[in-house]
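Engineer: Okay, sequence plus prediction incoming.
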Amino acid sequence: MIKLRILLALLRKEIKLMRRNRLIPRVIIVMPLMVMLVIPLVANLDVKNVNVAVVDNDHSQLSRRMIADISASEILNVISVGDSHSEAMLEIEDGNADVILTIPPDYSVDMIARTAQVDVEANGVNVTKGMLGARYVSESVLGTLAGISAQSGQKIKTDDISIIYRFNPTLNFRNYMIPALMVILLIIIGGFLPALNLVNEKETGTIEAMNVTPVSRLVFVLSKLIPFWIVGIMVVTVGMLVGWLVYGLVPQGCIGAIYLAAILFSLVMSGIGISIANSSSTMLQSIFVMFAFIIVFQLMSGLFTPISYMPVWVQYITYMIPPRYFIEIMRSVYLKGTSIAELWQQYLTLASFATVMLFVAAATYKKQS
């Protein structure tokens with residue numbers, strides 16, 4: 001009975017402490033809601049809304065029927081029809097199209113034995129969507145040919161479709177994931193560790209000695225962040241070396257573009273980490289809040305699940321997720337060789353996030369004199 005009373009007393013004490021804490025009740029309520037409401041929506045690997053750019057060099061009834069059958073599909077969308085392959089490739093490079101269907105000239109002249117091939121080219125940066133999208137387009141073309149064969153009573157050759165995967169010819173999923181996985185390294189190095197470092201000083205009381213010194217808030221915050229920024233750049237370098245030495249993956253674009261993106265993203269995560277540390281009184285609080293941010297960042301940034309697979313309203317929310325832009329830059333530079341000038345919107349957005357978060361971090365740090 002005595003042990004039970006002690007246990008109940010301790011339970012009452014813990015409940016009171018939790019109720020008095022401003023952060024823990026919010027985490028307890030918000031975290032399960034975020035996990036249960038958002039994860040089932042964004043963790044979706046179903047491939048739909050595959051955008052197809054058609055290069056029609058035949059201009060025949062057969063080619064028009066192929067295009068009509070693709071348009072009638074619930075999964076495939078024809079976004080453009082033209083006769084220029086270079087223009088269709090621009091749609092792929094800009095991310096507007098996932099697959100290019102090229103119909104050669106005079107394809108419909110010989111309906112029985114053709115020497116020309118229908119070419120299907122898929123964007124291999126997104127392995128799953130590229131592979132399945134190419135298969136869906138090929139099946140649609142084969143279905144069209146089978147329908148014409150049944151109507152005409154002639155046996156039509158249906159094994160002359162060439163499939164090419166652009167930017168990732170081997171469809172190796174590692175090539176898709178390795179550039180983006182560096183986001184996890186920078187989240188931990190640039191955001192998680194500075195937050196824990198600052199909160200640890202609060203718990204040990206050493207920060208009070210700093211608060212009574214003439215050192216300004218900016219100098220103090222920078223002294224906490226600069227070492228982690230340097231470590232973050234070193235970690236990115238190690239990540240690129242591992243990708244090259246172990247997996248044979250090297251950036252197709254400028255390495256400077258990768259470092260610039262890494263620096264901007266480190267600034268963003270540092271601002272978030274310091275802002276969380278300023279609002280946390282214990283290390284456990286900061287860990288819980290940072291963990292919540294990490295879960296959301298990983299699931300909604302396109303790291304594992306492509307953003308195009310998510311519901312439309314969730315896709316709009318991802319514009320407020322900083323890792324989205326860092327991952328887009330990394331995959332574009334690594335696999336496509338995209339330049340900084342072509343990715344200026346992503347860089348500018350990251351720079352804006354960094355400016356805002358560092359301002360919030362400096363404003364929320366209260367230095368006592």
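Structural biologist: Sure, I can see it. Remember, it's a predicted structure, so these values are computed and weren't measured experimentally.
Engineer: Where does the prediction get shaky in the stretch 201-350 of the chain?
Structural biologist: 206, 209-220 (pLDDT under 70).
Engineer: For it, which segments count as strands?
Structural biologist: For the stretch 201-350 of the chain, strands defined by DSSP state E, counting those that start in this stretch do not occur.
Engineer: Can you get me the start-to-end distance on stretch 315-328?
Structural biologist: Start-to-end span of stretch 315-328 (CA to CA, to the nearest Å) is 14 Å.
Engineer: for the spatially most central residue of the chain, what are its contacts?
Structural biologist: The structure's the chain has its C-alpha centroid closest to residue 302; by CA atoms, centre = their mean the separation is 2.7 Å. Listed by CB atoms under 8 Å, 6 or more residues apart in numbering, the contact set of residue 302 reads 180, 318, 324, 327, 328. Just so you know, the C-beta spots here come from the backbone N, C-alpha and C atoms, and that holds for glycine as well.
Engineer: just those residues now: which is nearest residue 343?
Structural biologist: The nearest member of the contacts of residue 302 to residue 343, counting by CB to CB, is residue 328 at 7.4 Å.
Engineer: Look up the closest residue to that closest one, ignoring the ones flanking it.
Structural biologist: Excluding its sequence neighbours, the residue lying closest to residue 328 (CB to CB, 6 or more residues apart in numbering) is residue 346, at 5.4 Å.
Engineer: got a list of what that neighbour touches?
Structural biologist: Counting by CB under 8 Å, 6+ apart, residue 346 makes contact with 261, 325, 326, 328, 329.
Engineer: Next, the residue nearest to the centre of the chain: phi, psi?
Structural biologist: phi 90, psi 10 (degrees, to the nearest 10).
Engineer: any idea how far residue 243 is from it?
Structural biologist: When distance is defined by CB to CB, to the nearest Å, residue 302 is 19 Å away from residue 243.
Engineer: before we move on, the earlier item: determine which two of the contacts of residue 302 are furthest apart.
Structural biologist: 180 and 318 (13.9 Å).
Engineer: If you count surrounding residues, which of the two has more?
Structural biologist: Ranked by neighbour count (other CB atoms under 10 Å), residue 180 and residue 318 place residue 180 first, with 21 against 17.
Engineer: contacting residues for the closest residue to that one other than its chain neighbours?
Structural biologist: Of all residues not flanking residue 180 in the chain, residue 327 sits nearest, at 4.5 Å (CB to CB, 6+ apart). Going by CB under 8 Å, 6+ apart, residue 327 touches 179, 180, 183, 301, 302, 303.
Engineer: Among those, which are located in helices?
Structural biologist: 179, 180, 183 (DSSP state H).
Engineer: Check the residues you listed for the minimum pLDDT and say which it is.
Structural biologist: Among these, residue 180 has the lowest pLDDT, at 72.
Engineer: Pretty sure it sits against residue 332.
Structural biologist: No: between residue 180 and residue 332 there is no contact under CB atoms under 8 Å: 11.0 Å.
Engineer: Just the helices from the stretch 51-200 of the chain, written as ranges.
Structural biologist: With helices called from DSSP state H, counting those that start in this stretch, the stretch 51-200 of the chain shows them at 61-71, 85-93, 127-152, 173-186, 193-204.
Engineer: Turn the ones you listed into a markdown table, columns for distance to residue 253.
Structural biologist: Formatted as a markdown table, those follow (distance: least, CB to CB, whole Å):
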| stretch | distance to residue 253 |
| --- | --- |
| helix 61-71 | 32 |
| helix 85-93 | 12 |
| helix 127-152 | 19 |
| helix 173-186 | 11 |
| helix 193-204 | 29 |
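Engineer: Any idea which of the ones you listed has the lowest pLDDT on average?
Structural biologist: helix 173-186 (a mean of 74).
Engineer: and the angle for that one with helix 127-152?
Structural biologist: When axes from the mean of the first three to the mean of the last three CA atoms, to 10 degrees is applied, the directions of helix 173-186 and helix 127-152 differ by 150 degrees.
Engineer: I'd like to know which elements helix 173-186 is packed against.
Structural biologist: Secondary-structure packing of helix 173-186 (3 or more CB pairs under 8 Å, 6 or more residues apart in numbering; DSSP states H and E): helix 127-152, helix 217-245, helix 255-278, helix 322-331.
Engineer: can I get these in JSON lines with distance to residue 193?
Structural biologist: Converted to JSON lines, the helices and strands packed on helix 173-186 look like this (distance: least, CB to CB, whole Å):
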{"stretch": "helix 127-152", "distance to residue 193": "32"}
{"stretch": "helix 217-245", "distance to residue 193": "6"}
{"stretch": "helix 255-278", "distance to residue 193": "8"}
{"stretch": "helix 322-331", "distance to residue 193": "17"}
